[in-house]
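Student: next comes the sequence, and after it the predicted model I'd like to discuss.
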Amino acid sequence: MGGEVRHLSGHSGMCTLIDWACGLRRPGSRYFGTMPVEDGTGWLGPLEARVMAVVWAADGPVAVRSVLETLNQGRRRKLAYTTVMTVMARLAEKGILRRSPNGRGYDYEATVPDTAAMAVREVLEEFGDTAIARFADAARADPKLRNRLERLLREEP
């Protein structure tokens, strides 16, 4: 099958896992503590956010069944396999997940490490060089940001 889904060290339950994934947003952000609803701009909907939280917490590629079992832990109304399969297929169509054949199904893995990377990718696709130029302008205007950016550029990937 796929990689096993693991919970964050010392934490259990999807609430904690989803809170962790959503907590990647900075305080003060209009999206802090929530996942924006799908509105055609590329942001994750509520179920997409939960699926991605499970995928991001996995040790490797995961099968739909593994994600489904994790999502259904502690739920009174269980999600259907086909619901999770459809969400994961759509995330793959959007380029957020990569899928590879495994028997009669697929294993999935994230193409981005978090929602911030999704946002950066989307901004770069939408605005290209202009976005990079504006970011450079912002870094020039903020010494802390500039220092952080210079440190990151010196680091090995």
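Tutor: Received the coordinates, thanks.
Student: any stretches of this protein with poor pLDDT?
Tutor: By pLDDT under 70, the low-scoring segments of the chain are 1-42.
Student: wait, isn't D107 in contact with R65?
Tutor: No. Taking contacts as CB atoms under 8 Å, D107 lies outside contact range of R65: 10.5 Å. C-beta: built from backbone N, CA, C; applies to glycine.
Student: of the two, who's got more company?
Tutor: A count of neighbours by other CB atoms under 10 Å puts D107 above the other of D107 and R65, at 21 against 14.
Student: secondary structure class for that one?
Tutor: With DSSP: H, G, I helix; E, B strand; the rest coil as the basis, D107 sits in strand.
Student: got the domain ranges for this structure?
Tutor: Following automatic domain parsing, the chain resolves into domains at 14-110, 115-154.
Student: straight-line length of the shortest one, end to end?
Tutor: Read that as domain 115-154. One end of domain 115-154 to the other measures 24 Å (CA to CA, to the nearest Å).
Student: buried ones in that domain?
Tutor: 115, 118-119, 123, 139, 149 (16 or more other CB atoms under 10 Å).
Student: out of the residues you listed, who's nearest G74?
Tutor: Nearest to G74, judged by CB to CB, of the buried residues of domain 115-154 is T115 at 23.5 Å.
Student: mind listing what the spatially closest residue to A92 that is not a sequence neighbour touches?
Tutor: Leaving out its chain neighbours, the residue that sits closest to A92 by CB to CB, 6 or more residues apart in numbering is R99, at 4.7 Å. By CB atoms under 8 Å, 6 or more residues apart in numbering, R99 lies in contact with 88-89, 92, 106-108.
Student: next one: phi and psi at the spatially most central residue of the chain?
Tutor: Geometric centre of the chain, nearest residue: D114, 4.0 Å, by CA atoms, centre = their mean. D114 has phi and psi values of phi -170, psi 180 when expressed as degrees, to the nearest 10.
Student: that one against W56, yeah?
Tutor: Yes. Contact status for D114 versus W56: in contact at 6.8 Å, counting by CB under 8 Å.
Student: buried stuff in stretch 99-116?
Tutor: Buried positions in stretch 99-116, judged by neighbour count with 16+ other CB under 10 Å: 99, 106-110, 112, 115.
Student: would you mind identifying the next helix or strand past the host helix or strand of E48?
Tutor: Remark: E48 resides in helix 46-57, with elements defined by DSSP states H and E. Once helix 46-57 ends, the next helix or strand along the chain (criterion: DSSP H and E) is strand 62-63.
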